[in-house]
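Engineer: The amino acid sequence is not available; the structure is as follows:
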């Protein structure tokens, strides 16, 4: 019989704040993390807004000598992982390191380091490129550094699937526990792409909202006036633990991770399947894996990017999977309305939000929902959080390249 998995620790670094308590309070309050870009001079850019992490000090989490060898992407991931580890209570427990692993995803990795070191190469020559350039750049380094700092010697790897990276990491960690390869896995996603090169690239492909004069209303998933996503950054890391292992030590359990579905659209580099077939298939797989019927689900944390195509296609996918229940009993929200799109970190942060929604019996809102779109005609928990006991929930993550990852969670009452 497959082993069951509990969520016992949560760590977040987000544009809404850091730590699970502050993050959750900001979510249910409908806090908006968007504003003018302060990280660099964006005056010549066509898009000049983002959801930045404010006041992050890596030295508060990581020894300064180590943090200086890390890209911001790795710093975010390590800080969130250390936070989750402490939150789980495992920091004070004896643990077999060979039975504990790390799976952390990133869509882009150390892009700020790439930009910085390319400038060094062009301006000062090849001998001045940092010896830490490659380890700071590569997307597996958040997982590697967490493993090193916590001494975890079990399965250790990274997932890279664009905006599905964090969700895939959690899903693959879930499978490792289910198979018996590990008893504990630190998993999630991290991203730090608010930098000139990434901002210019996403703007060039017309993926970003251009509401430069009104950043607080720029991210508006499922609203008729949506015109693109707002670039975000941060990390969402959780501690997953085999259920009996967690129960034996009296761990606090936020929720049970009960199902995982992963599919590919096989359609287009960046556009979703118009009918949402790949996303629908992933949701159906996650439900079947959790042994849940569509009617069992009360809440869905949507991918909900605020782009015209994604929100329409995701709505079609939800209708295909949930049928009449999509309109009669399913509440949907996009937390990207508040913190923008965290790319490879989105799946980790949104999984954390969903686990906290179950633990706190409340559904975060979709803010900036003002003008209903006839093609997006479901219940998106508009503008105000909603108190509700959630027995079963899904969280969707879809990425460029046609990558789809869906995670199913259940309330755990012991």
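Structural biologist: The structure has been received and is ready for your questions. Remember, predicted model here, so these are calculated numbers, not experimental data.

Engineer: can you map out the strands along the stretch 251-400 of the chain?
Structural biologist: Taking DSSP state E, counting those that start in this stretch as the criterion, the stretch 251-400 of the chain carries its strands at 255-264, 299-301, 331-333, 362-363, 386-387, 392-399.

Engineer: Correct me if wrong: residue 141 contacts residue 110.
Structural biologist: Yes. Under the criterion of C-beta atoms under 8 Å, residue 141 makes contact with residue 110 at 7.3 Å. From N, CA and C alone the C-beta is placed, and that goes for glycine too.

Engineer: how close does residue 349 sit to residue 68?
Structural biologist: Computed as C-beta to C-beta, to the nearest Å, the residue 349 to residue 68 distance reads 25 Å.

Engineer: Which one of these two is surrounded by more residues?
Structural biologist: The neighbour comparison of residue 349 against residue 68 (other C-beta atoms under 10 Å) goes to residue 349, with 34 against 13.

Engineer: so where's the longest helix in this protein?
Structural biologist: Assignment by DSSP state H gives helix 72-88 as the longest helix of the chain.

Engineer: wait, is residue 190 part of a strand?
Structural biologist: Yes. Residue 190: assigned to a strand according to DSSP: H, G, I helix; E, B strand; the rest coil.

Engineer: picking that back up, mind listing the shared neighbours of residue 141 and residue 110?
Structural biologist: Each of 71, 74 lies in contact with both residue 141 and residue 110 under the rule C-beta atoms under 8 Å, 6 or more residues apart in numbering.

Engineer: follow-up on the earlier one: enumerate the positions of the longest helix of the chain that are buried.
Structural biologist: By neighbour count on 16 or more other C-beta atoms under 10 Å, the buried set for helix 72-88 is 72-85, 87-88.

Engineer: I'd like the average pLDDT over the next helix or strand after it.
Structural biologist: Helices and strands here follow DSSP states H and E; after helix 72-88, the next one along the chain is strand 100-105. The average pLDDT for strand 100-105 rounds to 98.

Engineer: I'd like the distance from the helix or strand just after strand 100-105 to the chain centre, please.
Structural biologist: Using DSSP H and E, the helix or strand that follows strand 100-105 in sequence is helix 111-124. With C-alpha atoms, centre = their mean, to the nearest Å as the basis, the distance from the averaged C-alpha position of helix 111-124 to the chain average is 28 Å.

Engineer: mind listing what's buried in helix 111-124?
Structural biologist: Result for helix 111-124 [16+ other C-beta under 10 Å]: buried residues 111-114, 116-117.

Engineer: Out of the residues you listed, the closest to residue 395 would be?
Structural biologist: Distance to residue 395 across those (C-beta to C-beta) is lowest for residue 111, with 25.2 Å.

Engineer: OK, contacts around the closest one?
Structural biologist: For residue 111, the contact set (C-beta under 8 Å, 6+ apart) comprises 71, 73, 192-193, 195, 197-198.

Engineer: can you tell me how far it sits from residue 45?
Structural biologist: In terms of C-beta to C-beta, residue 111 sits 16 Å off from residue 45.

Engineer: Same check on residue 178?
Structural biologist: Distance from residue 178 to residue 45, by C-beta to C-beta: 45 Å.

Engineer: Make TSV out of the strands of the stretch 251-400 of the chain and add mean pLDDT and mean neighbour count.
Structural biologist: Supplementary listing: these in TSV, determined by pLDDT from 0 to 100; neighbours: other C-beta atoms under 10 Å:
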stretch	mean pLDDT	mean neighbour count
strand 255-264	98	22
strand 299-301	98	27
strand 331-333	98	25
strand 362-363	98	24
strand 386-387	98	13
strand 392-399	98	28
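
Engineer: Looks like residue 219 contacts residue 209 (just checking).
Structural biologist: Yes. Residue 219 is within contact range of residue 209, at 6.6 Å (criterion: C-beta under 8 Å).

Engineer: overlap in contacts of the two?
Structural biologist: Common neighbours of residue 219 and residue 209, using C-beta under 8 Å, 6+ apart, are 229-230, 306.

Engineer: So which of these are in helices?
Structural biologist: Going by DSSP H, the helices hold none of the shared contacts of residue 219 and residue 209.
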